[in-house]
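Participant: coords please:
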Amino acid sequence: MVDAVTPPDQRLSVLYREHRSWLENWLRHRVGNSWDAADLSQDTFLRVLSSAQKLEDLREPRAYLLTVGRRLLSNFYSRRSLEAAYLEALAQLPEECVPSPEQRWLLLETLQALDELLDGLPRLVRRAFLWSQLHGLGYREIAERLDVSERTVKRYMAQAYEHCLLVQL
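Facilitator: Next up, the predicted model:
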């Protein structure tokens, strides 16, 4: 049990020893395999280590680990969905246009980084930003597609740019 008398450098170790297998089993039931569950479990503890949450203040360590684990699980499924959509798009390309495995990996990494950068934006703001940046659509075209005013699109774009700048700080 993690408590206030445990030295700070040992608190995470105790938390890890007492709860890792439990968390990994919980994750394994959600992702369906041991490898991804182990990775997500390790990522959870890394997040705990880098978080501002003081371990001695944790009253319910499993609830906290579940919260962090659920967020990572959500990111995992989002990444998997993004990867599937990318691979499906690649399958539609003529063979001479298909990127090499190295290029695929770089493109997928870039897509994941972009997805993480835009995480947290409302759906319409995100969509407006992507249409503008990836498809080169103007504000009028975006407004028509979203069925909103151009002024709203300008507000969405300002919100997206501000979000990107703050995330990078």
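
Participant: all contacts plus neighbour counts: C-alpha atoms, from now on.
Facilitator: Fine.

Participant: quick check: mean pLDDT across stretch 56-76?
Facilitator: Per-residue pLDDT values over stretch 56-76 give a mean of 87.

Participant: which element follows the lengthiest helix in the chain toward the C-terminus?
Facilitator: Longest helix in the chain by number of residues, with DSSP state H as the criterion: helix 61-92. The helix or strand immediately downstream of helix 61-92 is helix 101-118, counting by DSSP states H and E.

Participant: send the alpha carbons of that following helix over as CSV?
Facilitator: Output of helix 101-118 as CSV, limited to C-alpha atoms (Å, rounded to 0.1, in the frame of the first residue of the first chain):
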residue,chain,number,x,y,z
PRO,A,101,7.2,0.5,-46.1
GLU,A,102,9.5,3.3,-44.7
GLN,A,103,7.3,6.0,-46.3
ARG,A,104,4.2,4.3,-44.9
TRP,A,105,5.7,4.3,-41.4
LEU,A,106,6.7,8.0,-41.7
LEU,A,107,3.2,8.9,-43.0
LEU,A,108,1.5,7.0,-40.3
GLU,A,109,3.7,8.6,-37.6
THR,A,110,2.8,12.0,-39.0
LEU,A,111,-0.9,11.2,-39.1
GLN,A,112,-0.7,10.1,-35.5
ALA,A,113,1.2,13.2,-34.4
LEU,A,114,-1.4,15.3,-36.2
ASP,A,115,-4.2,13.4,-34.5
GLU,A,116,-2.6,13.9,-31.1
LEU,A,117,-2.1,17.6,-31.8
LEU,A,118,-5.8,18.1,-32.7
